[in-house]
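1. What shape does this take:
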Amino acid sequence: MSARIILRAAALAAALTLAATGCNRGTYPNDVGVRAPDFTIHDGTETVKLDQYRGKIVVLNFWASWCSYCAAEWPSLEQLQQKIPNLVVVAVAFDSEPADYSQYVVDYRLHNMTVVLDKTNQSNLAFGTTRPPESYVIDKNGMIRRKFIGPQDWSTPEIQDYLRSL
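-> Now for the predicted structure:
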C-alpha cells in the first residue's frame, strides 16, 4: 500500500470519528436533572456564589477571553437577561489571564450581567467543562435542566419559550 493511500485512510478515519462525536464532544450531559454544584469565586473585584441565585433561573455560561466563539453569544445573552424576568446570566471566564480577561470585559462591554473570572478553574471543572463556550440552564431550585455546547443564539423563540416555561 502506498503512503498516499494510508494517509487518505487515516484522514477518512479521523473525519468519521469527528463526525460521530459531533458537537457533543463524545459525552452526553449526565448531570441534567441533578443539583448544580455550588461554587464561590473571588476574583478580586467580584464575589459570586452560585447558590446566591437560588429562586431564579440561571444561565451559567463558561467562556474564555481567547475564545472567538464566546463573543458571538454576548449580545443575545444580554438581551435574554433583559427579556425574561427572574432570569440571571452568570458568565464565568476560566483559563484566561487576568489582564486578558479585564481587557475583554472592557472591549465587549460586559457590564449588564454577572461576569467573573475563576482563576482556579474549579467552577468549570465541577461542571466538567473544559472547552468553552458551554452553558447550563439551572432552574429556581438549583437543578440543571439543560446543557448547551458551543455558541447559541439565545434570542431564538425555542430557547426563550423553554426558559419561560421553567
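2. can you give me the helices in the protein?
-> Remark: helices assigned in the chain by DSSP state H are 3-21, 68-83, 98-107, 122-126, 157-165.
3. List the buried residues in the fourth one.
-> Residues of helix 122-126 classed as buried under the neighbour-count rule (16 or more other CB atoms under 10 Å) are S123, N124. Backbone N, C-alpha and C define where each C-beta goes, glycine included.
4. how much distance is there from that helix to the middle of the chain?
-> For helix 122-126, the gap between its own C-alpha mean and the chain's C-alpha mean amounts to 12 Å (CA atoms, centre = their mean, to the nearest Å).
5. can you check stretch 81-100 too?
-> When distances are taken as CA atoms, centre = their mean, stretch 81-100 is centred 9 Å away from the chain's centroid.
6. Straight-line length of it, end to end?
-> Length of stretch 81-100, first residue to last, CA to CA, to the nearest Å: 25 Å.
7. among the helices of the chain, which gets the worst mean confidence?
-> Ranked by mean pLDDT, the helices of the chain bottom out at helix 3-21, which scores a mean of 42.
8. In this structure N61 contacts A91, no?
-> Yes: N61 is within contact range of A91, at 4.6 Å (criterion: CB atoms under 8 Å).
9. Please enumerate the shared neighbours of the two.
-> L77 (CB atoms under 8 Å, 6 or more residues apart in numbering).
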